[in-house]
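Colleague: Provided below are the primary sequence and the corresponding predicted coordinates.
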Amino acid sequence: RQIAGELRSAIDRNEFYVLYQPQRSLKTQMLIGYEVLLRWQHPVRGLVSPAEFIPIAEETGEIFRIGEWVLREACAEAAKWDNELVIAVNISAVQLSQPNLPEILAQVLLETGLPARRLEIEITETAIIGDKARALHVLRRIKAMGIAIAIDDFGTGYSSLDTLNSFAFDKIKIDKSFLLLSHDRPQARAIIRAVLALGRSLDVPVLAEGVESNAHVDLLEAEGCEQVQGYLFGRPGAAPSLATLAIASS
Ligand code: G
Ligand code: G
Ligand code: MN
Ligand code: NA
């Protein structure tokens, strides 16, 4: 396919950029960090969603170069901030199957000077089920480096509880679909409540994604959710300026 070839030259043509979406404490509204979201500005097709091109990049193997580019970009940016904010980077299933992912992460941290404690990687459940033993081995090595590991889109994979049972994640991100459906479906709210209870019993912080309205905030406050991310608290945007960060951290 043509798009596969175009993906191969996209880095060199400077067609990729990343956006940053804030993650906040619900109680204090304080910034915790930012999730990094990749964008591809194609000269003809326009803005192409990662949901569209990441699967192709995974098929062609281009994801390795792209993933490393995102990591470097994000870590270099966060290293400029004079604070303890965390930068959360999505790591795809294929990247996780790469045995030298820990070395790549170490290299990027070394090059950019970002302390490991300020990097978090987001992994979906589906990334772990393929070659599970190998994925868990890679995750253990990454965690031992001091990098935090979040489980992303939680609740939408095939074996959520098994995944939690297999690895000591540092954060659970409840998939946005639950909150977005909570208005119409009492089941969705029950599931959010159950995931929050699970997080409390496992002593793992839970972040709710897709917070778009004050009704969502009311629900999350009532259920005792600690961390939030969504359009209400900030859309994905350009890297925060140092002035913005100074205000946000004071
Ligand atoms: O930001 P947006 O809603 O367009 O993201 C769509 C999907 O692409 C989400 O599942 C998100 O996790 C994923 N995504 C965004 N940026 C990256 C990235 O840098 N790497 C990987 N592997 N996935 C990403
Ligand atoms: O799969 P992952 O959770 O990494 O993807 C995050 C995706 O969710 C990104 O595409 C981002 O643009 C999108 N997103 C972030 N906040 C909101 C929100 O409040 N509502 C909706 N509908 N999407 C959101
Ligand atoms: Mn994510
Ligand atoms: Na998610």
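Modeller: Done, it's in. Residues are numbered from 1 along each chain as shown. Ligands and ions are numbered 1, 2, ... in the order given.

Colleague: Pull up the residues of the protein that are close to ligand 2.
Modeller: 21, 37, 90, 122, 152-153, 176, 209-212, 230-231, 236 (CB under 6 Å from any ligand atom). C-beta coordinates here come from the backbone N, C-alpha and C atoms, glycine included.

Colleague: want to try TSV for those residues, with neighbour count, distance to Ala74 and secondary structure as columns?
Modeller: Converted to TSV, the residues of the chain next to ligand 2 look like this (neighbours: other CB atoms under 10 Å; distance: CB to CB, whole Å; DSSP: H, G, I helix; E, B strand; the rest coil):
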residue	neighbour count	distance to Ala74	secondary structure
Gln21	19	12	strand
Leu37	19	10	strand
Asn90	22	10	strand
Glu122	20	12	strand
Asp152	26	15	strand
Asp153	20	19	strand
Lys176	18	21	helix
Glu209	22	18	coil
Gly210	20	22	coil
Val211	26	22	coil
Glu212	14	25	coil
Gly230	24	20	coil
Tyr231	13	21	coil
Pro236	16	13	coil
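
Colleague: Give me the helices and strands touching the one helix or strand Val70 maps to, please.
Modeller: Applying DSSP states H and E as the criterion places Val70 in helix 63-79. When contacts are defined as 3 or more CB pairs under 8 Å, 6 or more residues apart in numbering; DSSP states H and E, helix 63-79 packs onto strand 16-25, strand 31-42, helix 50-60, strand 86-90, helix 93-96, helix 101-112.

Colleague: now the closest residue in space to Leu19 that isn't next to it in sequence: how far from ligand 3?
Modeller: Leaving out its chain neighbours, the residue that sits closest to Leu19 by CB to CB, 6 or more residues apart in numbering is Pro236, at 3.7 Å. Distance, Pro236 to ligand 3, using CB to the ion, to the nearest Å: 11 Å.

Colleague: from memory Pro236 sits against Tyr17, does it?
Modeller: No. Counting by CB atoms under 8 Å, Tyr17 is not a contact partner of Pro236; they are 11.0 Å apart.

Colleague: And for Thr244, the neighbour number?
Modeller: 11 (other CB atoms under 10 Å).

Colleague: Same question for the helix or strand encompassing it: list its buried residues.
Modeller: Here Thr244, judged by DSSP H and E, is contained in helix 242-249. Residues Leu245 are the ones in helix 242-249 that count as buried (16 or more other CB atoms under 10 Å).

Colleague: Who are the packing partners of it?
Modeller: strand 31-42.

Colleague: contacting residues around the following helix or strand past the strand it packs on?
Modeller: Using DSSP H and E, the helix or strand that follows strand 31-42 towards the C-terminus is strand 46-48. Residues from elsewhere that reach strand 46-48, judged by CB atoms under 8 Å, 6 or more residues apart in numbering: 39-42.

Colleague: State the pair within the residues you listed that is farthest apart.
Modeller: Arg39 and His42 (10.1 Å; CB to CB).

Colleague: Spell out which residues of the chain are next to ligand 4.
Modeller: Selection of the chain residues close to ligand 4 by CB under 5 Å from the ion yields 152-153.

Colleague: Tell me which residue of the chain lies closest to ligand 2.
Modeller: Gly230 (3.1 Å; CB to the nearest ligand atom).

Colleague: Which residue, other than its chain neighbours, is closest to that residue?
Modeller: Val211 (3.1 Å).

Colleague: Next: Glu212.
Modeller: Using CB to CB, 6+ apart, the closest residue to Glu212 is Tyr231 (5.0 Å).
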